[in-house]
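What follows is a protein structure lacking sequence information:
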(Lines give C-alpha, C1' and ligand atoms only; values in the text may rest on other atoms or scores of the structure.)
Protein backbone atom coordinates (compact mmCIF):
# COMPACT_ATOMS: atom_id res chain seq x y z
CA UNK A 1 0.00 0.00 0.00
CA UNK A 2 2.88 2.36 0.83
CA UNK A 3 4.38 1.60 -2.57
CA UNK A 4 1.05 2.30 -4.28
CA UNK A 5 0.74 5.57 -2.38
CA UNK A 6 4.32 6.53 -3.30
CA UNK A 7 3.62 5.86 -6.96
CA UNK A 8 0.50 8.05 -6.89
CA UNK A 9 2.21 10.91 -5.10
CA UNK A 10 5.17 10.77 -7.46
CA UNK A 11 2.82 10.86 -10.44
CA UNK A 12 0.97 13.82 -8.97
CA UNK A 13 4.20 15.64 -8.23
CA UNK A 14 5.32 15.15 -11.82
CA UNK A 15 2.09 16.61 -13.15
CA UNK A 16 2.12 19.81 -11.08
CA UNK A 17 0.81 21.76 -14.04
CA UNK A 18 -2.44 19.80 -13.85
CA UNK A 19 -2.79 20.44 -10.13
CA UNK A 20 -2.27 24.13 -10.77
CA UNK A 21 -4.87 24.11 -13.53
CA UNK A 22 -7.42 22.46 -11.23
CA UNK A 23 -6.71 25.06 -8.54
CA UNK A 24 -7.31 27.84 -11.06
CA UNK A 25 -10.54 26.11 -12.07
CA UNK A 26 -11.71 26.04 -8.43
CA UNK A 27 -10.77 29.68 -7.88
CA UNK A 28 -12.60 30.67 -11.07
CA UNK A 29 -15.66 28.79 -9.82
CA UNK A 30 -15.51 30.74 -6.52
CA UNK A 31 -15.30 33.98 -8.51
CA UNK A 32 -18.31 33.00 -10.61
CA UNK A 33 -20.44 32.10 -7.57
CA UNK A 34 -20.15 35.69 -6.36
CA UNK A 35 -21.59 36.91 -9.66
CA UNK A 36 -24.56 34.63 -9.14
CA UNK A 37 -25.33 36.30 -5.80
CA UNK A 38 -24.41 39.89 -6.62
CA UNK A 39 -22.18 42.36 -4.77
CA UNK A 40 -23.95 41.90 -1.45
CA UNK A 41 -21.13 41.49 1.07
CA UNK A 42 -23.37 40.16 3.84
CA UNK A 43 -24.99 37.47 1.66
CA UNK A 44 -21.64 36.44 0.18
CA UNK A 45 -20.17 36.00 3.64
CA UNK A 46 -23.18 33.98 4.72
CA UNK A 47 -22.93 31.57 1.78
CA UNK A 48 -19.13 31.47 1.63
CA UNK A 49 -18.85 27.98 3.17
CA UNK A 50 -21.29 26.56 0.63
CA UNK A 51 -19.39 28.17 -2.23
CA UNK A 52 -16.07 26.85 -0.96
CA UNK A 53 -17.40 23.28 -0.86
CA UNK A 54 -19.13 23.51 -4.21
CA UNK A 55 -15.91 24.81 -5.71
CA UNK A 56 -14.01 21.95 -4.15
CA UNK A 57 -16.64 19.43 -5.28
CA UNK A 58 -16.52 20.65 -8.90
CA UNK A 59 -12.72 20.56 -8.89
CA UNK A 60 -12.77 17.12 -7.29
CA UNK A 61 -14.64 15.63 -10.25
CA UNK A 62 -11.72 16.77 -12.42
CA UNK A 63 -8.98 15.34 -10.19
CA UNK A 64 -10.88 12.10 -9.61
CA UNK A 65 -11.67 11.57 -13.28
CA UNK A 66 -7.98 12.09 -14.09
CA UNK A 67 -6.75 9.84 -11.30
CA UNK A 68 -7.06 6.62 -13.29
CA UNK A 69 -5.68 8.14 -16.46
CA UNK A 70 -2.25 6.53 -16.09
CA UNK A 71 -3.74 3.09 -15.41
CA UNK A 72 -5.85 3.18 -18.54
CA UNK A 73 -2.92 3.76 -20.87
CA UNK A 74 -1.26 0.62 -22.24
CA UNK A 75 -3.54 -1.51 -20.04
CA UNK A 76 -1.32 -0.71 -17.05
CA UNK A 77 -4.15 -1.67 -14.70
CA UNK A 78 -3.86 -5.31 -15.63
CA UNK A 79 -0.12 -5.14 -14.99
CA UNK A 80 -0.74 -3.64 -11.56
CA UNK A 81 -3.22 -6.38 -10.69
CA UNK A 82 -0.68 -9.02 -11.62
CA UNK A 83 1.71 -7.68 -8.99
CA UNK A 84 1.75 -9.52 -5.66
CA UNK A 85 -0.26 -6.70 -4.09
CA UNK A 86 -3.95 -6.89 -3.27
CA UNK A 87 -6.46 -4.72 -5.08
CA UNK A 88 -7.32 -3.30 -1.68
CA UNK A 89 -3.81 -1.89 -1.25
CA UNK A 90 -4.08 -0.30 -4.69
CA UNK A 91 -7.41 1.23 -3.74
CA UNK A 92 -6.22 2.70 -0.46
CA UNK A 93 -3.05 4.03 -2.08
CA UNK A 94 -5.08 5.74 -4.74
CA UNK A 95 -7.75 7.00 -2.35
CA UNK A 96 -5.20 8.45 0.09
CA UNK A 97 -3.38 10.17 -2.77
CA UNK A 98 -6.66 11.65 -4.02
CA UNK A 99 -7.52 12.68 -0.50
CA UNK A 100 -4.18 14.48 -0.01
CA UNK A 101 -4.66 16.25 -3.31
CA UNK A 102 -8.15 17.40 -2.34
CA UNK A 103 -7.00 18.58 1.10
CA UNK A 104 -4.24 20.53 -0.57
CA UNK A 105 -6.71 22.03 -3.02
CA UNK A 106 -9.20 22.86 -0.27
CA UNK A 107 -6.58 24.63 1.84
CA UNK A 108 -5.39 26.53 -1.23
CA UNK A 109 -8.94 27.68 -1.97
CA UNK A 110 -9.49 29.07 1.55
CA UNK A 111 -7.49 32.29 1.00
CA UNK A 112 -9.41 32.86 -2.23
CA UNK A 113 -12.66 32.50 -0.27
CA UNK A 114 -11.42 34.84 2.48
CA UNK A 115 -10.47 37.54 0.00
CA UNK A 116 -13.52 37.29 -2.25
CA UNK A 117 -16.22 36.84 0.41
CA UNK A 118 -14.61 38.54 3.42
CA UNK A 119 -15.04 35.26 5.31
CA UNK A 120 -12.00 35.28 7.56
CA UNK A 121 -11.62 33.15 10.67
CA UNK A 122 -8.97 32.59 13.30
CA UNK A 123 -9.90 28.96 13.94
CA UNK A 124 -7.51 27.65 11.30
CA UNK A 125 -6.78 24.17 12.79
CA UNK A 126 -10.48 23.35 13.01
CA UNK A 127 -11.05 24.55 9.47
CA UNK A 128 -8.24 22.30 8.24
CA UNK A 129 -9.71 19.37 10.17
CA UNK A 130 -13.08 19.86 8.47
CA UNK A 131 -11.49 20.18 5.05
CA UNK A 132 -9.55 16.98 5.72
CA UNK A 133 -12.67 15.06 6.81
CA UNK A 134 -14.84 16.45 4.02
CA UNK A 135 -12.20 15.68 1.39
CA UNK A 136 -11.97 12.14 2.78
CA UNK A 137 -15.74 11.83 2.25
CA UNK A 138 -15.33 12.89 -1.38
CA UNK A 139 -12.30 10.77 -2.18
CA UNK A 140 -13.42 7.37 -0.85
CA UNK A 141 -16.50 6.85 -3.07
CA UNK A 142 -14.99 9.13 -5.73
CA UNK A 143 -11.98 6.87 -6.21
CA UNK A 144 -14.17 3.78 -6.51
CA UNK A 145 -16.48 5.40 -9.06
CA UNK A 146 -13.52 6.85 -10.96
CA UNK A 147 -12.17 3.30 -11.33
CA UNK A 148 -15.45 2.37 -13.03
CA UNK A 149 -16.04 5.45 -15.12
CA UNK A 150 -12.44 5.70 -16.33
CA UNK A 151 -13.09 2.55 -18.36
CA UNK A 152 -16.28 3.63 -20.12
CA UNK A 153 -17.40 6.11 -22.71
CA UNK A 154 -18.32 9.65 -21.63
CA UNK A 155 -16.65 9.37 -18.22
CA UNK A 156 -16.85 13.13 -17.64
CA UNK A 157 -20.64 12.92 -17.44
CA UNK A 158 -20.97 9.68 -15.57
CA UNK A 159 -18.68 10.37 -12.60
CA UNK A 160 -20.58 13.43 -11.28
CA UNK A 161 -23.88 11.69 -12.00
CA UNK A 162 -22.92 8.81 -9.71
CA UNK A 163 -20.96 10.79 -7.15
CA UNK A 164 -23.12 13.86 -6.49
CA UNK A 165 -26.22 12.16 -5.00
CA UNK A 166 -24.03 9.93 -2.89
CA UNK A 167 -21.97 12.61 -1.16
CA UNK A 168 -24.97 14.74 -0.15
CA UNK A 169 -24.52 13.98 3.59
CA UNK A 170 -20.77 14.70 3.48
CA UNK A 171 -21.35 17.94 1.61
CA UNK A 172 -24.12 18.98 3.97
CA UNK A 173 -22.04 18.29 7.08
CA UNK A 174 -18.92 19.97 5.68
CA UNK A 175 -20.81 23.09 4.63
CA UNK A 176 -22.58 23.34 7.97
CA UNK A 177 -19.42 22.81 10.00
CA UNK A 178 -17.43 25.28 7.89
CA UNK A 179 -20.07 27.96 8.05
CA UNK A 180 -20.35 27.51 11.82
CA UNK A 181 -16.61 28.21 12.03
CA UNK A 182 -16.82 31.29 9.82
CA UNK A 183 -20.03 32.78 11.22
CA UNK A 184 -19.59 31.68 14.84
CA UNK A 185 -21.13 28.75 16.67
CA UNK A 186 -23.18 30.00 19.64
CA UNK A 187 -25.10 26.74 20.09
CA UNK A 188 -22.00 24.55 19.79
CA UNK A 189 -23.51 22.49 16.96
CA UNK A 190 -20.22 22.05 15.12
CA UNK A 191 -19.35 18.89 17.00
CA UNK A 192 -22.41 16.91 15.86
CA UNK A 193 -21.67 17.71 12.20
CA UNK A 194 -18.10 16.56 12.72
CA UNK A 195 -19.40 13.29 14.13
CA UNK A 196 -21.64 12.85 11.08
CA UNK A 197 -18.68 13.49 8.77
CA UNK A 198 -16.58 10.99 10.70
CA UNK A 199 -19.31 8.37 10.46
CA UNK A 200 -19.70 8.95 6.70
CA UNK A 201 -15.94 8.64 6.21
CA UNK A 202 -15.72 5.49 8.31
CA UNK A 203 -18.57 3.80 6.41
CA UNK A 204 -17.32 4.64 2.94
CA UNK A 205 -13.60 4.10 3.54
CA UNK A 206 -14.35 0.57 4.72
CA UNK A 207 -17.20 -0.27 2.30
CA UNK A 208 -15.39 0.96 -0.81
CA UNK A 209 -12.21 -0.83 0.22
CA UNK A 210 -14.20 -4.04 0.57
CA UNK A 211 -15.88 -3.72 -2.82
CA UNK A 212 -13.00 -2.33 -4.92
CA UNK A 213 -11.60 -5.67 -6.03
CA UNK A 214 -14.99 -6.54 -7.55
CA UNK A 215 -14.71 -3.47 -9.75
CA UNK A 216 -11.24 -3.97 -11.16
CA UNK A 217 -10.92 -7.75 -11.31
CA UNK A 218 -12.55 -9.70 -14.07
CA UNK B 1 -32.13 -24.67 -21.32
CA UNK B 2 -34.84 -23.21 -19.20
CA UNK B 3 -35.29 -19.47 -19.49
CA UNK B 4 -34.27 -17.47 -16.46
CA UNK B 5 -36.86 -15.58 -14.47
CA UNK B 6 -39.68 -17.39 -16.23
CA UNK B 7 -40.65 -20.14 -13.82
CA UNK B 8 -44.21 -18.87 -13.44
CA UNK B 9 -45.13 -17.43 -16.84
CA UNK B 10 -48.76 -16.74 -15.84
CA UNK B 11 -48.11 -15.21 -12.43
CA UNK B 12 -47.23 -11.63 -13.47
CA UNK B 13 -50.42 -11.33 -15.50
CA UNK B 14 -52.55 -12.58 -12.61
CA UNK B 15 -50.80 -10.14 -10.27
CA UNK B 16 -51.28 -7.34 -12.77
CA UNK B 17 -55.02 -8.01 -12.88
CA UNK B 18 -55.27 -8.32 -9.11
CA UNK B 19 -53.30 -5.12 -8.63
CA UNK B 20 -55.56 -3.15 -10.95
CA UNK B 21 -58.68 -4.48 -9.18
CA UNK B 22 -57.28 -3.71 -5.70
CA UNK B 23 -56.16 -0.26 -6.76
CA UNK B 24 -59.54 0.50 -8.34
CA UNK B 25 -61.52 -0.61 -5.27
CA UNK B 26 -59.13 1.05 -2.83
CA UNK B 27 -59.15 4.33 -4.75
CA UNK B 28 -62.96 4.22 -5.04
CA UNK B 29 -63.33 3.81 -1.27
CA UNK B 30 -60.67 6.44 -0.69
CA UNK B 31 -62.25 8.95 -3.02
CA UNK B 32 -65.98 8.43 -2.45
CA UNK B 33 -66.66 6.38 0.68
CA UNK B 34 -64.12 7.47 3.28
CA UNK B 35 -65.02 10.77 5.00
CA UNK B 36 -62.77 13.80 4.39
CA UNK B 37 -60.09 14.33 6.99
CA UNK B 38 -60.88 16.87 9.69
CA UNK B 39 -57.93 19.28 9.28
CA UNK B 40 -56.75 18.81 5.73
CA UNK B 41 -60.12 18.10 4.07
CA UNK B 42 -60.24 16.62 0.58
CA UNK B 43 -56.53 17.14 -0.05
CA UNK B 44 -55.74 14.36 2.35
CA UNK B 45 -57.23 11.78 -0.04
CA UNK B 46 -53.99 11.74 -2.03
CA UNK B 47 -52.53 9.88 0.96
CA UNK B 48 -54.32 6.75 -0.24
CA UNK B 49 -51.88 6.53 -3.14
CA UNK B 50 -48.99 8.53 -1.70
CA UNK B 51 -48.29 6.40 1.35
CA UNK B 52 -48.54 3.03 -0.48
CA UNK B 53 -46.25 4.40 -3.21
CA UNK B 54 -43.71 5.34 -0.56
CA UNK B 55 -43.80 1.90 1.03
CA UNK B 56 -43.46 0.13 -2.28
CA UNK B 57 -40.73 2.42 -3.64
CA UNK B 58 -38.63 1.64 -0.59
CA UNK B 59 -39.46 -2.04 -0.97
CA UNK B 60 -38.34 -2.06 -4.62
CA UNK B 61 -35.05 -0.34 -3.75
CA UNK B 62 -34.49 -2.78 -0.90
CA UNK B 63 -35.13 -5.69 -3.26
CA UNK B 64 -32.58 -4.19 -5.67
CA UNK B 65 -30.07 -4.07 -2.81
CA UNK B 66 -30.76 -7.71 -1.92
CA UNK B 67 -30.31 -8.71 -5.57
CA UNK B 68 -27.02 -6.80 -5.70
CA UNK B 69 -25.69 -8.59 -2.61
CA UNK B 70 -26.77 -11.99 -3.93
CA UNK B 71 -25.19 -11.27 -7.31
CA UNK B 72 -21.88 -10.33 -5.69
CA UNK B 73 -21.79 -13.69 -3.96
CA UNK B 74 -22.98 -16.09 -6.65
CA UNK B 75 -22.64 -14.17 -9.95
CA UNK B 76 -25.86 -15.70 -11.22
CA UNK B 77 -27.19 -13.74 -14.19
CA UNK B 78 -30.82 -13.98 -13.16
CA UNK B 79 -30.09 -11.80 -10.13
CA UNK B 80 -28.60 -9.17 -12.40
CA UNK B 81 -31.80 -9.09 -14.44
CA UNK B 82 -33.86 -8.90 -11.25
CA UNK B 83 -31.74 -6.05 -9.92
CA UNK B 84 -32.13 -4.08 -13.14
CA UNK B 85 -35.89 -4.61 -13.03
CA UNK B 86 -36.15 -3.59 -9.38
CA UNK B 87 -34.08 -0.44 -9.90
CA UNK B 88 -36.18 0.62 -12.89
CA UNK B 89 -39.48 0.06 -11.09
CA UNK B 90 -38.10 1.71 -7.96
CA UNK B 91 -37.04 4.78 -9.93
CA UNK B 92 -40.51 5.10 -11.47
CA UNK B 93 -42.16 4.77 -8.06
CA UNK B 94 -39.76 7.28 -6.47
CA UNK B 95 -40.49 9.74 -9.26
CA UNK B 96 -44.25 9.27 -8.79
CA UNK B 97 -43.72 9.73 -5.06
CA UNK B 98 -42.02 13.10 -5.58
CA UNK B 99 -44.82 14.20 -7.95
CA UNK B 100 -47.60 13.16 -5.54
CA UNK B 101 -45.74 14.78 -2.67
CA UNK B 102 -45.53 18.07 -4.56
CA UNK B 103 -49.22 17.95 -5.47
CA UNK B 104 -50.06 17.45 -1.80
CA UNK B 105 -47.53 19.96 -0.46
CA UNK B 106 -48.73 22.92 -2.55
CA UNK B 107 -52.18 23.27 -0.93
CA UNK B 108 -51.05 22.04 2.50
CA UNK B 109 -47.66 23.65 3.10
CA UNK B 110 -48.02 26.32 0.39
CA UNK B 111 -44.88 25.25 -1.44
CA UNK B 112 -44.15 22.63 -4.11
CA UNK B 113 -40.99 21.47 -2.52
CA UNK B 114 -39.66 21.46 0.98
CA UNK B 115 -36.30 20.34 2.32
CA UNK B 116 -37.75 17.80 4.66
CA UNK B 117 -35.81 14.57 5.38
CA UNK B 118 -38.12 12.10 3.68
CA UNK B 119 -38.67 14.28 0.62
CA UNK B 120 -34.98 15.03 0.23
CA UNK B 121 -33.97 11.43 0.83
CA UNK B 122 -36.39 10.29 -1.86
CA UNK B 123 -34.97 12.81 -4.30
CA UNK B 124 -31.39 11.81 -3.51
CA UNK B 125 -32.32 8.15 -3.85
CA UNK B 126 -34.01 8.85 -7.18
CA UNK B 127 -30.90 10.55 -8.56
CA UNK B 128 -28.55 7.92 -7.16
CA UNK B 129 -30.49 5.10 -8.83
CA UNK B 130 -30.89 7.07 -12.07
CA UNK B 131 -27.10 7.32 -12.07
CA UNK B 132 -26.85 3.54 -11.79
CA UNK B 133 -29.23 3.10 -14.72
CA UNK B 134 -27.08 5.53 -16.71
CA UNK B 135 -23.99 3.53 -15.77
CA UNK B 136 -25.66 0.38 -17.07
CA UNK B 137 -26.35 2.08 -20.38
CA UNK B 138 -22.72 3.13 -20.85
CA UNK B 139 -21.05 -0.22 -20.13
CA UNK B 140 -21.19 -2.68 -23.01
CA UNK B 141 -19.56 -5.71 -21.40
CA UNK B 142 -22.38 -7.55 -19.55
CA UNK B 143 -20.09 -9.02 -16.86
CA UNK B 144 -18.64 -5.65 -15.94
CA UNK B 145 -22.02 -3.96 -16.16
CA UNK B 146 -23.56 -6.45 -13.75
CA UNK B 147 -20.70 -6.31 -11.27
CA UNK B 148 -20.37 -2.52 -11.31
CA UNK B 149 -24.04 -1.83 -10.97
CA UNK B 150 -24.25 -4.30 -8.08
CA UNK B 151 -21.40 -2.45 -6.32
CA UNK B 152 -22.98 0.93 -7.07
CA UNK B 153 -26.36 -0.27 -5.79
CA UNK B 154 -24.87 -1.41 -2.49
CA UNK B 155 -23.01 1.88 -2.05
CA UNK B 156 -26.07 3.96 -2.93
CA UNK B 157 -28.34 1.96 -0.64
CA UNK B 158 -25.92 2.35 2.29
CA UNK B 159 -26.29 6.09 1.79
CA UNK B 160 -30.04 6.13 2.47
CA UNK B 161 -29.97 6.21 6.30
CA UNK B 162 -27.08 8.70 6.35
CA UNK B 163 -28.89 11.07 4.00
CA UNK B 164 -32.05 10.70 6.04
CA UNK B 165 -30.44 11.57 9.36
CA UNK B 166 -28.26 14.34 7.99
CA UNK B 167 -31.21 16.11 6.40
CA UNK B 168 -33.24 15.54 9.52
CA UNK B 169 -30.69 17.41 11.59
CA UNK B 170 -30.59 20.06 8.93
CA UNK B 171 -34.29 20.81 8.63
CA UNK B 172 -37.64 19.23 9.35
CA UNK B 173 -41.31 19.83 8.60
CA UNK B 174 -42.86 16.57 7.34
CA UNK B 175 -45.55 15.14 9.57
CA UNK B 176 -44.75 12.00 11.53
CA UNK B 177 -45.60 8.64 10.03
CA UNK B 178 -49.04 7.32 10.84
CA UNK B 179 -49.47 3.73 11.91
CA UNK B 180 -52.69 1.67 11.74
CA UNK B 181 -53.11 2.40 15.45
CA UNK B 182 -53.30 6.17 14.88
CA UNK B 183 -55.54 5.97 11.80
CA UNK B 184 -59.23 5.27 12.04
CA UNK B 185 -60.66 2.24 10.26
CA UNK B 186 -62.37 4.25 7.56
CA UNK B 187 -59.01 5.57 6.39
CA UNK B 188 -57.23 2.31 7.03
CA UNK B 189 -59.17 0.13 4.56
CA UNK B 190 -58.47 2.07 1.33
CA UNK B 191 -54.85 2.57 2.44
CA UNK B 192 -54.35 -1.19 2.80
CA UNK B 193 -56.19 -1.98 -0.44
CA UNK B 194 -54.02 0.43 -2.38
CA UNK B 195 -50.85 -0.76 -0.68
CA UNK B 196 -51.54 -4.31 -1.82
CA UNK B 197 -52.67 -3.10 -5.23
CA UNK B 198 -49.41 -1.28 -5.84
CA UNK B 199 -47.45 -4.18 -4.35
CA UNK B 200 -49.06 -6.59 -6.84
CA UNK B 201 -48.49 -4.21 -9.75
CA UNK B 202 -44.87 -3.66 -8.70
CA UNK B 203 -44.20 -7.38 -8.37
CA UNK B 204 -45.74 -8.02 -11.77
CA UNK B 205 -43.67 -5.28 -13.42
CA UNK B 206 -40.46 -6.47 -11.78
CA UNK B 207 -41.15 -10.05 -12.87
CA UNK B 208 -41.90 -9.04 -16.45
CA UNK B 209 -38.95 -6.67 -16.64
CA UNK B 210 -36.61 -9.30 -15.17
CA UNK B 211 -37.79 -11.72 -17.86
CA UNK B 212 -36.98 -9.15 -20.56
CA UNK B 213 -33.61 -8.55 -18.90
CA UNK B 214 -32.84 -12.26 -18.89
CA UNK B 215 -33.76 -12.63 -22.55
CA UNK B 216 -31.53 -9.70 -23.48
CA UNK B 217 -28.67 -11.13 -21.45
CA UNK B 218 -29.08 -14.50 -23.14
CA UNK B 219 -28.70 -12.83 -26.50
CA UNK B 220 -25.68 -10.83 -25.34
CA UNK B 221 -23.95 -13.81 -23.80
CA UNK B 222 -24.63 -16.17 -26.72
CA UNK B 223 -21.44 -17.16 -28.54
CA UNK B 224 -20.97 -15.30 -31.83
CA UNK B 225 -21.99 -17.30 -34.91
CA UNK B 226 -19.19 -19.46 -36.31
CA UNK B 227 -17.61 -18.58 -39.64
CA UNK B 228 -19.60 -20.13 -42.47
CA UNK B 229 -22.68 -20.51 -40.32
CA UNK B 230 -25.69 -18.83 -41.90
CA UNK B 231 -27.53 -16.39 -39.68
CA UNK B 232 -31.23 -17.08 -39.51
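Here it is on my side, so go on. Just so you know, these numbers come straight off a predicted model, no measurement behind them. Residues are numbered from 1 along each chain as shown, chains lettered A, B, ... in the order given.

how many neighbours does the closest residue to residue B:57 other than its chain neighbours have?
In this structure, residue B:57 finds its nearest non-sequential neighbour in residue B:93, 3.7 Å apart by Cβ to Cβ, 6 or more residues apart in numbering or on different chains. To be clear about C-beta, it is placed using only N, CA and C from the backbone, and glycine gets the same treatment. Counted by other Cβ atoms under 10 Å in any protein chain shown, the residues lying close to residue B:93 total 26.

any idea how far residue B:93 lies from residue B:49?
Going from residue B:93 to residue B:49 by Cβ to Cβ, to the nearest Å gives 11 Å.

which element follows the helix or strand the residue nearest to residue B:57 falls within toward the C-terminus?
Taking DSSP states H and E as the definition, residue B:93 sits inside helix B:77-109. Next along the chain after helix B:77-109, taking DSSP H and E as the criterion, comes helix B:117-138.

starting at the chain centroid, how far to the helix or strand immediately after that next one in the chain?
Going down the chain from helix B:117-138, the next helix or strand is helix B:142-170, by DSSP H and E. Taking Cα atoms, centre = their mean, to the nearest Å, one finds helix B:142-170 lying 15 Å from the centre of the chain it belongs to.

Same question for stretch A:19-37.
15 Å.

buried stuff in it?
The neighbour-count criterion (16 or more other Cβ atoms under 10 Å in any protein chain shown) identifies A:19, A:22, A:23, A:26, A:27, A:29, A:30, A:33, A:34 as the buried residues of stretch A:19-37.

can you list those residues in TSV and add secondary structure and pLDDT?
Converted to TSV, these look like this (DSSP: H, G, I helix; E, B strand; the rest coil; pLDDT from 0 to 100):
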residue	secondary structure	pLDDT
A:19	helix	83
A:22	helix	88
A:23	helix	90
A:26	helix	91
A:27	helix	91
A:29	helix	91
A:30	helix	89
A:33	helix	87
A:34	helix	84
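
And these, which two are furthest apart?
Greatest spacing in the buried residues of stretch A:19-37, by Cβ to Cβ: A:19 and A:34 (23.9 Å).

Residue A:213 and residue A:147, how far apart?
Per Cβ to Cβ, residue A:213 is found 10 Å from residue A:147.

returning to what we had before: so for residue B:93 and residue B:49, which residues contact both of them?
By Cβ atoms under 8 Å, 6 or more residues apart in numbering or on different chains, residue B:93 and residue B:49 have these common neighbours: residue B:198.

Go ahead and name everything in contact with the least confident helix or strand in chain A by mean pLDDT.
When the helices and strands of chain A are scored by mean pLDDT, DSSP states H and E, helix A:76-82 comes last with a mean of 71. Residues outside helix A:76-82 that contact it (Cβ under 8 Å, 6+ apart) are A:68, A:70, A:71, A:87, A:90, A:216, A:217.

Turn the residues you listed into a markdown table, including secondary structure, pLDDT and neighbour count.
Conversion of the contacts of helix A:76-82 to a markdown table gives the following (DSSP: H, G, I helix; E, B strand; the rest coil; pLDDT from 0 to 100; neighbours: other Cβ atoms under 10 Å in any protein chain shown):
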| residue | secondary structure | pLDDT | neighbour count |
| --- | --- | --- | --- |
| A:68 | coil | 79 | 21 |
| A:70 | helix | 72 | 15 |
| A:71 | helix | 74 | 20 |
| A:87 | helix | 80 | 17 |
| A:90 | helix | 84 | 25 |
| A:216 | helix | 81 | 20 |
| A:217 | coil | 74 | 10 |
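
Identify, from these, the entry nearest to residue B:151.
Looking across the contacts of helix A:76-82 and measuring by Cβ to Cβ, the closest to residue B:151 is residue A:216, at 10.6 Å.

In space, what's closest to the closest one - neighbours in sequence excluded?
Residue A:216 sits nearest to residue A:87 (Cβ to Cβ, 6+ apart), 5.6 Å away.

Am I right that residue B:223 sits in a strand?
No. Assessed with DSSP: H, G, I helix; E, B strand; the rest coil, residue B:223 is coil; it does not lie in a strand.

And it, how far from chain A?
Distance, residue B:223 to chain A, using Cβ to the nearest Cβ, to the nearest Å: 18 Å.

So which residues on chain B come close to chain A?
Contacts of chain B with chain A, taken as Cβ under 8 Å from any Cβ of the partner chain, map to B:72, B:120, B:124-125, B:127-128, B:130-132, B:134-135, B:138-139, B:143-144, B:147-148, B:150-152, B:154-156, B:158-159, B:162-163, B:165-167, B:169-170.

how near is residue B:52 to residue A:91?
From residue B:52 to residue A:91 the distance is 41 Å (Cβ to Cβ).

With residue B:111 instead?
Spatial separation of residue B:111 from residue A:91 under the definition Cβ to Cβ is 43 Å.

next one: residue A:128
In terms of Cβ to Cβ, residue A:128 sits 25 Å off from residue A:91.

for residue A:69, what are its contacts?
With contact taken as Cβ under 8 Å, 6+ apart, residue A:69 is in contact with residue A:150.

quick one on the thing from earlier: between residue A:128 and residue A:91, which is the more surrounded one?
Neighbour totals were compared for residue A:128 and residue A:91, and residue A:91 leads with 25 against 14 (other Cβ under 10 Å).

Skipping adjacent residues, who's closest to that one in space?
Per Cβ to Cβ, 6+ apart, closest to residue A:91 is residue A:212, 3.9 Å.

same deal with residue B:76?
Counting by Cβ to Cβ, 6+ apart, the residue nearest residue B:76 is residue B:70, at 7.5 Å.

What are the buried residues along the helix or strand hosting the one you found?
Of the helices and strands defined by DSSP H and E, residue B:70 is found in helix B:47-74. Under the neighbour-count criterion of 16+ other Cβ under 10 Å, helix B:47-74 has B:47-61, B:63-72 buried.

any residue of the helix or strand hosting residue A:129 up close to chain B?
Here residue A:129 sits within helix A:124-149, counting by DSSP H and E. Yes. Helix A:124-149 lies within reach of chain B by Cβ under 8 Å from any Cβ, at A:141, A:144, A:145, A:148, A:149.

Which one of those residues sits in the busiest neighbourhood?
Of those, with other Cβ under 10 Å as the count, residue A:144 tops at 30 neighbours.

didn't it look like it was pressed against residue A:88?
No. Counting by Cβ atoms under 8 Å, residue A:144 stays clear of residue A:88, with 11.6 Å between them.
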